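Colleague: Below: sequence and its predicted model.
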Amino acid sequence: MHATRFITTLATLIALTACAARPARHVEPPMTQDQRDLAVQSFDVMWTTIRDRHFDPKLNGVDWEAVRTEFRPLVEAATTHAETVALMNKAIHRLGQSHFGIISKDTYEDVAGSAPGEKSRGAQGEVGLDTRVIDNELVVIRVDPGSPADRAGIRPGWTILEQDGRSIKEALQRLDKQYAQNPKRDSLRSLAMRHAVTGTVGETMKLRVADGKGRRRTIPLEIVPMSGDPVVFGHLPPMHLERDARRLDSGAGYMRFSVFFDPATLMPWFREHIAEYADAPGIIIDLRGNPGGIGGMAIGMGNMLVSEPNQKLGTLTTRETTLNFVFTPQAGRYTGPLAILVDETSASTSEFMAGGLQAIGRARVFGLSTAGMALPSLVIRLPSGDGLQYATANYVSADGKALEGAGVQPDELIPHDKASLLAGRDTMIDAAEAWIRSKSNKKTD
């Protein structure tokens with residue numbers, strides 16, 4: 001299979017954790033007999049697909065037959081669709097690996113709006129801010145210019161206390177309990193809580209916040225369509241591609257994009273700005289919050305950033321084949337200092353790109369350890385209408401390190417800092433700019 005067909009994104013994880021920050025839409029009615037039959041068929045398709053397509057014939061040491069014996073009768077006895085999804089995900093969780101999971105059909109409907117044949121309802125939207133869990137608080141790290149949050153005066157560093165009367169502290173406590181034994185607890189909490197600032201387009205969300213001086217207020221915000229260009233890829237739920245490029249005060253070029261999808265749009269944009277920053281003292285690529293996408297796009301971008309041919313980004317291994325991701329330097333490439341920003345919500349293709357360029361000494365990485373969820377995968381639809389995401393390959397970076405579970409370790413560890421956010425500073429960008437200036441100074445000495 002060609003490299004670019006591999007999907008490496010955390011859509012499944014996001015779908016599974018969204019419920020921690022958002023309540024159910026309604027009380028779900030019991031399934032009909034036809035729906036129960038489809039649920040059992042879906043379990044069988046899920047179980048067989050993973051048995052036959054997992055990149056490890058030993059399925060990470062899990063007794064998969066025993067999993068079927070335990071969980072199939074439970075699915076047969078389930079009374080609601082939500083129960084069947086939870087049971088299948090519990091079964092899949094026995095593998096202990098990322099990029100395996102059920103994407104509920106409700107997730108597709110929440111993101112896209114109504115399902116075929118249903119009365120129209122609003123799609124999933126946002127209020128224009130991004131968050132991270134910092135010191136057990138949900139903190140705003142970015143506000144989109146012109147968004148409802150921006151117009152209401154919300155600023156980075158503010159703390160979100162409640163969403164529509166629901167306690168953020170209690171939601172975090174539930175997540176702490178859920179992920180108590182998980183080494184990626186920080187990543188999972190921040191990923192889950194990003195959904196606390198999403199809702200149904202056209203409705204109003206009330207956020208209880210604490211501002212920079214600790215003053216508490218309740219702010220109503222209109223929920224608007226997701227920013228960026230809508231992207232549909234295979235059987236993944238619809239996503240949105242956001243892009244930001246600009247010159248920083250140091251003269252360095254800065255690029256941020258939200259997902260590795262829509263290559264027809266993103267790749268020309270990337271090449272355009274590589275050319276624009278040809279004279280820059282350095283370039284910063286910001287992959288914070290980027291959950292991944294099409295694995296081959298990391299190679300395409302890397303081709304614009306390397307000089308030596310035959311360097312590897314990494315290696316994919318399936319049951320049948322081994323595929324090397326090899327760079328082919330392109331005309332117009334940028335060869336100056338390259339900094340990459342990552343944090344606990346950077347995953348999959350973001351990890352491929354950051355870890356691969358770091359391993360060959362081409363980039364210096366700043367920020368926090370990445371999610372460690374870096375398995376190439378595919379998504380299929382099940383008879384029930386749910387999606388199944390399953391990993392089809394293992395990925396090892398150019399230096400022989402497996403990123404799954406371990407993540408990319410930054411060269412410079414820069415934590416999120418609430419005080420700096422309140423002061424209007426981004427400590428990770430500051431650190432990257434300082435490094436770029438130091439490289440420029442050495443050239444002039």
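Modeller: On my side now, so go ahead.

Colleague: Burial check on E404, number of neighbours?
Modeller: 20 (other C-beta atoms under 10 Å). No exception for glycine: its C-beta is placed from N, CA and C like everyone else's.

Colleague: Is it located within a helix, as I assumed?
Modeller: No: using DSSP: H, G, I helix; E, B strand; the rest coil, the assignment for E404 is coil, not a helix.

Colleague: ok, it to P237 distance?
Modeller: Per C-beta to C-beta, to the nearest Å, E404 is found 23 Å from P237.

Colleague: With A280 instead?
Modeller: A280 sits at a distance of 36 Å from P237 (criterion: C-beta to C-beta).

Colleague: how about low-confidence regions in the stretch 251-400 of the chain?
Modeller: Scanning the stretch 251-400 of the chain for pLDDT under 70 picks out nothing.

Colleague: That one: helices as residue ranges?
Modeller: Secondary structure of the stretch 251-400 of the chain, counting by DSSP state H, counting those that start in this stretch: helices at 263-276, 296-302, 349-359.

Colleague: Check the stretch 1-150 of the chain too.
Modeller: Counting by DSSP H, counting those that start in this stretch, the helices of the stretch 1-150 of the chain are 11-17, 33-53, 64-77, 81-93, 105-112, 148-151.

Colleague: Could you check those and tell me which one is nearest D211?
Modeller: helix 148-151 (12.7 Å; C-beta to C-beta).

Colleague: immediately after that closest one, which helix or strand?
Modeller: strand 159-163 (DSSP states H and E).

Colleague: what packs against that following strand?
Modeller: Strand 159-163 sits against strand 137-143, helix 168-178, strand 204-210, with contacts defined as 3 or more C-beta pairs under 8 Å, 6 or more residues apart in numbering; DSSP states H and E.

Colleague: and the last one, which strands flank it?
Modeller: Take DSSP bridges as the rule and strand 204-210 pairs in its sheet with strand 159-163 (antiparallel), strand 216-222 (antiparallel).

Colleague: who's in contact with the longest one?
Modeller: The reference is to strand 216-222. Strand 216-222 is contacted by residues 127, 148-149, 152-154, 161-162, 202, 204-211 when judged by C-beta atoms under 8 Å, 6 or more residues apart in numbering.

Colleague: got it, and stretch 264-279?
Modeller: Stretch 264-279 has contacts (C-beta under 8 Å, 6+ apart) with 229, 241, 243, 245, 247, 252-253, 255, 257, 260, 283, 297, 300-301, 304-305, 332-334.

Colleague: Turn the strands paired with strand 204-210 into CSV, including distance to L38.
Modeller: Below are the strands paired with strand 204-210 laid out as CSV (distance: least, C-beta to C-beta, whole Å):
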stretch, distance to L38
strand 159-163, 34
strand 216-222, 38
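
Colleague: so which of the ones you listed is the most packed in?
Modeller: When you average the neighbours per residue for each of these (mean count of other C-beta atoms under 10 Å), strand 159-163 leads with a mean of 20.

Colleague: Narrow the contacts of strand 216-222 to just the buried residues.
Modeller: For the contacts of strand 216-222, a burial check counting by 16 or more other C-beta atoms under 10 Å picks out 127, 148-149, 152, 154, 161-162, 205, 207-211.

Colleague: ok, now how distant is R151 from G332?
Modeller: For R151, the distance to G332 - C-beta to C-beta - is 40 Å.

Colleague: Ok, E126 next?
Modeller: Per C-beta to C-beta, E126 is found 35 Å from G332.

Colleague: For these two, indicate the residue with more neighbours.
Modeller: E126 (24 against 10).

Colleague: so where do the strands sit in the stretch 301-445 of the chain?
Modeller: With DSSP state E, counting those that start in this stretch as the criterion, the stretch 301-445 of the chain has strands at 312-317, 322-326, 338-342, 364-367, 377-381, 387-391, 394-397, 412-413.

Colleague: Give me the sheet partners of the shortest one and which way each runs.
Modeller: Within its sheet, and counting by DSSP bridges, strand 412-413 is paired with strand 364-367 (parallel).

Colleague: what sits up against the partner strand?
Modeller: 288, 337-343, 346, 354-355, 358, 408-414, 428, 431-432, 435.

Colleague: Filter the residues you listed down to the buried ones and hand me the PyMOL line.
Modeller: Those of those that count as buried under 16+ other C-beta under 10 Å are selected in PyMOL with:
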select buried, resi 288+337+338+339+340+341+342+343+346+354+355+358+408+409+410+414+428+431+432+435
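
Colleague: Break this structure down into its structural domains.
Modeller: Taking automatic domain parsing as the reference, the chain has its domains at 3-112, 124-225, 229-376+392-444.

Colleague: where in the stretch 1-150 of the chain is pLDDT low?
Modeller: Within the stretch 1-150 of the chain, the segments meeting pLDDT under 70 span 1-26, 107-122.

Colleague: one more time with 80
Modeller: Judged against pLDDT under 80, the low-scoring parts of the stretch 1-150 of the chain cover residues 1-28, 106-123.

Colleague: gap between Q41 and D34?
Modeller: Per C-beta to C-beta, Q41 is found 11 Å from D34.

Colleague: can you tell me the helix or strand for D186?
Modeller: D186 belongs to helix 185-193 when assigned by DSSP H and E.

Colleague: Mind checking the pLDDT average for that helix?
Modeller: The pLDDT scores in helix 185-193 average 85.

Colleague: Just list what the following helix or strand past it packs against, helices and strands only.
Modeller: Past helix 185-193, further along toward the C-terminus, the next helix or strand under DSSP H and E is strand 198-200. Applying 3+ C-beta pairs under 8 Å, 6+ apart, we find strand 198-200 packed against strand 124-126.

Colleague: The strand it packs on pairs with which strands?
Modeller: By DSSP bridges, strand 124-126 pairs with strand 198-200 (antiparallel), strand 224-225 (antiparallel).

Colleague: so which of the ones you listed gets nearest T69?
Modeller: Using C-beta to C-beta, the strands paired with strand 124-126 put strand 198-200 closest to T69, at 38.5 Å.

Colleague: who's L207 bridged to?
Modeller: With DSSP bridges as the criterion, L207 is bridged to Q163, I219.

Colleague: wait, what's in contact with it?
Modeller: Counting by C-beta under 8 Å, 6+ apart, L207 makes contact with V127, I154, I160, E162, Q163, V197, T218, I219, L221.

Colleague: so the fourth one sits right up against M205, yeah?
Modeller: No: using C-beta atoms under 8 Å as the test, E162 is too far from M205 to be in contact (10.6 Å).

Colleague: for stretch 213-226, what is the average pLDDT?
Modeller: The model assigns stretch 213-226 a mean pLDDT of 95.

Colleague: mind saving the C-alpha coords of that stretch as PDB?
Modeller: This file holds the C-alpha atoms of stretch 213-226, laid out as PDB (Å, rounded to 0.1, in the frame of the first residue of the first chain):
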ATOM      1  CA  LYS A 213      -6.900  39.100  37.900                       C
ATOM      2  CA  GLY A 214      -8.900  36.200  39.200                       C
ATOM      3  CA  ARG A 215     -12.200  37.900  38.700                       C
ATOM      4  CA  ARG A 216     -15.000  35.500  37.900                       C
ATOM      5  CA  ARG A 217     -17.700  36.200  35.300                       C
ATOM      6  CA  THR A 218     -20.200  34.300  33.100                       C
ATOM      7  CA  ILE A 219     -19.900  35.100  29.400                       C
ATOM      8  CA  PRO A 220     -22.500  34.000  26.800                       C
ATOM      9  CA  LEU A 221     -20.900  33.000  23.500                       C
ATOM     10  CA  GLU A 222     -22.500  32.200  20.200                       C
ATOM     11  CA  ILE A 223     -21.400  28.900  18.800                       C
ATOM     12  CA  VAL A 224     -20.300  29.400  15.200                       C
ATOM     13  CA  PRO A 225     -19.200  27.000  12.400                       C
ATOM     14  CA  MET A 226     -15.700  25.500  12.800                       C
END
